[in-house]
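[1] here is my input; please provide its structure:
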Amino acid sequence: MISEFTKLRALIVIVHCLGVYGVYCLWDPVWFCLSLVCVFAFLWLGQEMYCHRFLSHASFEMPKKWQRACALLSVYNLFGNPIGIASTHVNHHKYSDTDLDPHPASYPVQSWLWIYPEFATSRNIGVTKRLMRDPWLVFIGRNYFKIYLSTVFVLSLIDLKIVIYGMFIPVIYAIFCDGIVNVVCHIWGYRRYDSNDESKNNLIGNAVLMFSGIAMHNNHHAYPSSHNMSRAWYEIDLVGLLINVIRIRR
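    Numbers count the residues shown, from 1 in each chain. Predicted structure coming up:
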């Protein structure tokens with residue numbers, strides 16, 4: 001039987017091919033505005049704010065309505081179901097830059113392409129059990145491919161450009177950004193803190209990631225429970241600023 005992760009990787013390859021071919025056939029630079037909006041919704045809100053800083057690290061409290069919306073938005077990055085993303089990432093911190101790391105930078109090609117053996121199997125049991133208590137997350141996990149493919153199908157009936165620029169291009173960008181964080185930010189950059197790994201802050205990487213803040217990676221690995229990854233004026237973390245606006249304050 002084909003594993004869910006194998007299906008996910010196959011779908012990512014198909015989306016990359018169709019995205020590149022679709023842009024070639026349906027080139028329209030104005031439609032890249034839709035890509036930017038969807039990157040903000042899927043990658044910033046769904047992945048970085050929700051799956052990463054909220055689910056994995058519980059670094060802030062989020063209103064329920066935001067949780068439900070962001071969990072759904074996270075599907076469209078094709079990173080996998082939110083429970084798997086969060087539990088794998090916690091193991092990345094636990095085993096960072098060792099052979100048990102789900103994506104060690106010492107194996108750059110394998111980690112970038114999601115073919116390092118631990119990537120598909122490494123899960124933190126405690127995080128998995130905690131998140132399995134949320135029925136919405138369980139529903140999304142069980143219906144992950146149905147949600148993604150049905151959305152693509154419906155939007156394709158409206159206009160193929162919506163699918164190409166709103167669904168496929170953001171996935172290509174998200175996977176590229178994931179490689180920068182997992183590989184580049186563990187090899188090149190500067191270290192502000194003496195964390196127990198090779199994580200580094202990379203200002204160029206942060207610019208490529210549109211100042212979402214995750215490329216301030218050494219700061220993050222030193223203080224993973226902090227929702228703000230900036231420690232200086234030039235370490236821009238726009239997602240952290242957004243969290244300051246929407247988070248629940250006690």
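[2] residue ranges with poor pLDDT in this structure?
    Under the criterion pLDDT under 70, the flagged ranges of the chain are 1, 250.
[3] can you show me the helices along it?
    For the chain, the helices defined by DSSP state H occupy 4-25, 32-39, 64-74, 82-94, 108-112, 117-121, 125-131, 135-142, 144-158, 160-163, 169-182, 203-208, 217-222, 238-246.
[4] the fourth one vs helix 64-74, what angle?
    Interaxial angle, helix 82-94 versus helix 64-74 (axes from the mean of the first three to the mean of the last three CA atoms, to 10 degrees): 90 degrees.
[5] could you pull up the residues touching the closest residue to residue 243 other than its chain neighbours?
    Nearest residue to residue 243 in three dimensions, chain neighbours excluded: residue 227, at 4.8 Å (CB to CB, 6 or more residues apart in numbering). Any C-beta I mention is one placed from the backbone N, CA and C, and that applies to glycine too. By CB atoms under 8 Å, 6 or more residues apart in numbering, the contact set of residue 227 is 53, 57, 59-60, 240, 243, 247.
[6] now swap in residue 8 and tell me
    78, 80.
[7] ok, residue 229 next?
    213-214, 216, 219-220, 235, 237, 240.
[8] by neighbours, which of those residues wins?
    Of all these, residue 216 has the most neighbours under the rule other CB atoms under 10 Å, reaching 31 neighbours.
[9] find the nearest non-adjacent residue to that one, please.
    residue 229 (4.1 Å).
[10] next one: residue 208
    Using CB to CB, 6+ apart, the closest residue to residue 208 is residue 180 (6.2 Å).
[11] wait, doesn't the one you found sit right on residue 210?
    No: using CB atoms under 8 Å, residue 180 makes no contact with residue 210, being 11.5 Å away.
[12] residue 41 touches residue 73, doesn't it?
    Yes: when contacts are counted by CB under 8 Å, residue 41 is listed as touching residue 73 (5.2 Å).
[13] how much space between the residue nearest to residue 216 and residue 163?
    33 Å (CB to CB, to the nearest Å).
[14] again, but for residue 110
    Taking CB to CB, one finds residue 110 at 30 Å from residue 163.
[15] who's more crowded, the two?
    When residue 110 is set against residue 163 and neighbours are counted by other CB under 10 Å, the residue ahead is residue 163, at 23 against 16.
[16] hmm, that one is touching residue 152, no?
    Yes: using CB under 8 Å, residue 163 and residue 152 qualify as a contacting pair, with a distance of 5.6 Å.
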